[in-house]
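Trainee: Got a predicted model here, sequence first, then my questions.
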Amino acid sequence: MTVQTQRFIDLWDILGLRFQCTKCNASLLLSMSKEIDASKLRTCPNCDKPWLSVSGSTVESAVKEAVSAVKMLVRQFAAEGGFPVGCTLSLQVNSEPEKQSGGKALEG
Ligand SMILES: [Zn+2]
């Protein structure tokens, strides 16, 4: 018999974003309840390794948009006072922690 476990989190369970440097392992935890300024994450605050902006390209706007989208969805799916949605929304997360990608692209 094979047992599979699926894990889901609600959007309001997302309390913060953790950024960890792939060079020095310094980590920075930013609360979702406060303003997150992605422009301050261009380089590691400890070793200066480029984080969100590398070789003239940047993912700053993608981070800003993701944070904004999560905050908006939390408001819209709020039990009271949000948009009158007829469903719930949860995120499925990896149920096998040892297979975490560590920031690399997820395997299909
Ligand atoms: Zn670093």
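Mentor: Happy to help now that I have it.
Trainee: Let me know whether residue 11 touches residue 77 as I believe.
Mentor: Yes. Contact criterion CB atoms under 8 Å: residue 11 and residue 77 qualify, at 6.4 Å. Placement of C-beta: from N, CA and C, glycine included.
Trainee: of the two, who's got more company?
Mentor: More crowded of residue 11 and residue 77, by other CB atoms under 10 Å: residue 11, with 20 against 17.
Trainee: ok, and the closest non-adjacent residue to that one?
Mentor: In this structure, residue 11 finds its nearest non-sequential neighbour in residue 74, 4.9 Å apart by CB to CB, 6 or more residues apart in numbering.
Trainee: Now do the same for the spatially most central residue of the chain: its pLDDT.
Mentor: Centroid-nearest residue in the chain, with CA atoms, centre = their mean: residue 17, separated by 5.3 Å. pLDDT, residue 17: 95.
Trainee: show me the contacts for residue 23.
Mentor: 44, 47, 49 (CB atoms under 8 Å, 6 or more residues apart in numbering).
Trainee: what's the helix or strand for it?
Mentor: Of the helices and strands defined by DSSP states H and E, none includes residue 23.
Trainee: Might you enumerate the residues of this protein proximal to the ion?
Mentor: By CB under 5 Å from the ion, the residues of the chain that approach the ion are 21, 23, 24, 26, 44, 46, 47, 49.
Trainee: one more time with 8 Å
Mentor: Residues of the chain lying near the ion by CB under 8 Å from the ion: 21, 22, 23, 24, 25, 26, 44, 45, 46, 47, 48, 49.
Trainee: what's the following helix or strand after the least confident helix or strand in the chain by mean pLDDT?
Mentor: When each helix and strand of the chain is scored by mean pLDDT, DSSP states H and E, strand 53-54 comes last, with a mean of 88. Downstream of strand 53-54, the first helix or strand assigned by DSSP H and E is strand 57-58.
Trainee: Provide the strand pairings for that following strand, with the direction of each partner.
Mentor: Partners of strand 57-58 in the sheet, by DSSP bridges, are strand 53-54 (antiparallel).
Trainee: quick one: contacts of the strand it pairs with?
Mentor: Counting by CB under 8 Å, 6+ apart, 42, 43, 59, 60 sit against strand 53-54.
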